[in-house]
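Asks: with the input below, show me the fold.
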Amino acid sequence: MRKTLQRTALTGGVAVVTLTGTLAPAGAAAPAWRIVHTNTAKTVGPDTNVLADITAIGAKDVWTVGSVSRNAGQYNHSLAQHWNGTKWTDTTLPVQFRKSNTIASGLNVVASSSSKNVWAFGSSGPVNGASRSQYALHWDGKHWTVAHSWKTWSWIYKAVVLSPTNVWAFSGAGDTFGAWHFDGKTWTKVKTPGFQVITASAVSPTNIWAVVSKPTARTDDGRFVARYNGHAWSLVKTPDIPGTWEDTPEYNAVHAQSSKDVWVVGGRQITTSTDGQVAPIALHWNGTEWQRFDGPLGAHNLAGLYSVVPDGKGGIWGTRGSFYEGDPVHLVGGKWTATALPKVKGKAVSVEKLAHVPGTTSIWGAGLLTWGGLPDTNGVVFKYS
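Replies: Predicted coordinates:
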């Protein structure tokens, strides 16, 4: 792999190492991605069957959540499915998320800190659209219960679960719902000064890193990095990386392993001879400075990274490309590697969300099989090991 190494000093003593190169093909003998679960929920007519998020507590304790749309998107109901090391099981959700002719629902976030502390977030309301509420659901090891609800049309897009008495929920860019914190008794809205939290990752209750959105001179959705110190949120200085049209890269995901090991990933706009494109970018904080790793497009025109997890040996996994076409890429030792997903006849195969099994090199992913006959879309779970 040909590579160019460049070191540039930044304001405030921050330095950046930029590593660029071509994507190396995965070795034939390397571990592979496999489809280990296909959501086969029965549906009616043209339908969408989605597994939207995944969390791995252990090798024999994995959760995925999603929804099934019937009759071209109406009468949605929700799914929360669990892997116990032997089989996948559909779990019984609160009534607001079950099959119904009068209620439409969907779960799109799941996060956990233990087998008895799993949280799922989603939306539910009457099919006629008269009202809508966001719900926080809690699994105690035996049952799902409604822990809280907010009457709002907003969606919760990310949650951070540290313990049964320390949970965060975030709504994302352009949304007034904001950031909420649960202390074991009460949910409280937390002020974020001049920005909105899109996604976050916690080292501890006093060390939470986030990708946030705030307006810039060129866009209403500039992407930045912020940190919570246990008392307040504040912005973190990152390298200046102007894009072709926007002031900042579009950071989409963050993973914080420690104060000296934080990854932020997304996409940066680049210029070609014919069109503007979005290429992968990853930033790594080692406690002293940021390192920048620019990734290649591959077969994508819009190839930003949308998920990031550790690989268990010092590198990261990310998902590259937009919804319905995401593929997994691996960055380790400064080298990007593409790894192919399994092929399914008549279907496009994609992965969007990733989860790392702690203490291992095993990665799980939630994704989709799309088009090619009914059902139009099937949610699937992948495993790399």
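Asks: who does the helix or strand hosting Ala147 pair up with?
Replies: Here Ala147 sits within strand 144-151, counting by DSSP states H and E. Strand pairing for strand 144-151, determined by DSSP bridges: strand 133-139 (antiparallel).
Asks: show me what counts as buried in the partner strand.
Replies: By neighbour count with 16 or more other Cβ atoms under 10 Å, strand 133-139 contains the buried residues Ser133, Gln134, Tyr135, Ala136, Leu137, His138, Trp139. Where you see a C-beta, it was placed from the backbone N, CA and C, and this is true even at glycine.
Asks: over to stretch 315-324?
Replies: Buried, per 16+ other Cβ under 10 Å, within stretch 315-324: Gly315, Ile316, Trp317, Gly318, Thr319, Arg320, Gly321, Ser322.
Asks: ok, back up a step: got the angle for whatever helix or strand comes next after the strand holding Ala147 vs strand 133-139?
Replies: Of the helices and strands lying after strand 144-151 in sequence (DSSP H and E), the nearest is strand 158-163. Orientation check (axes from the mean of the first three to the mean of the last three Cα atoms, to 10 degrees): strand 158-163 against strand 133-139 gives 30 degrees.
Asks: tell me which other helices or strands strand 158-163 touches.
Replies: strand 103-114, strand 117-126, strand 166-170, strand 196-204 (3 or more Cβ pairs under 8 Å, 6 or more residues apart in numbering; DSSP states H and E).
Asks: what comes up buried for it?
Replies: Those would be Lys158, Ala159, Val160, Val161, Leu162, for strand 158-163 by 16+ other Cβ under 10 Å.
Asks: ok, those residues vs His330, which is closest?
Replies: Lys158 (23.0 Å; Cβ to Cβ).
Asks: the closest one contacts Asn108, correct?
Replies: No: counting by Cβ atoms under 8 Å, Lys158 does not reach Asn108; the two are 9.7 Å apart.
Asks: surely Asn286 touches Ser258?
Replies: No: at 9.9 Å, Asn286 and Ser258 do not qualify as touching, with contact defined as Cβ under 8 Å.
Asks: for the stretch 151-300 of the chain, which residues score under the pLDDT cut-off?
Replies: In the predicted model of the stretch 151-300 of the chain, residues 243-247, 271-276 satisfy pLDDT under 70.
Asks: show me where it has its strands.
Replies: Here the stretch 151-300 of the chain has its strands, by DSSP state E, counting those that start in this stretch, at 158-163, 166-170, 179-182, 187-190, 196-204, 207-214, 222-228, 233-236, 250-258, 261-271, 276-285, 290-294.
Asks: report the angle between the second one and strand 222-228.
Replies: Orientation of strand 166-170 against strand 222-228 (the same axes, to 10 degrees) gives an angle of 170 degrees.
Asks: and the contacts of strand 166-170?
Replies: Around strand 166-170, the neighbours that count as contacts under Cβ atoms under 8 Å, 6 or more residues apart in numbering are 109, 119, 121, 136, 156-161, 178-184, 196-200, 202, 205, 208, 210.
Asks: circling back to that earlier point, so which pair among the buried residues of stretch 315-324 is furthest apart in space?
Replies: Gly315 and Ser322 (23.4 Å).
Asks: rewinding a little: now the strands of the stretch 151-300 of the chain as a markdown table including distance to Ala303?
Replies: What follows is these, written out as a markdown table (distance: least, Cβ to Cβ, whole Å):
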| stretch | distance to Ala303 |
| --- | --- |
| strand 158-163 | 22 |
| strand 166-170 | 25 |
| strand 179-182 | 29 |
| strand 187-190 | 33 |
| strand 196-204 | 19 |
| strand 207-214 | 18 |
| strand 222-228 | 16 |
| strand 233-236 | 25 |
| strand 250-258 | 11 |
| strand 261-271 | 7 |
| strand 276-285 | 6 |
| strand 290-294 | 11 |
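Asks: burial check on Leu235, number of neighbours?
Replies: Residues near Leu235, counting by other Cβ atoms under 10 Å, number 15.
Asks: contacts only, for it.
Replies: Remark: with contacts taken as Cβ under 8 Å, 6+ apart, Leu235 is in contact with Phe195, Val212, Phe224, Val225, Ala226.
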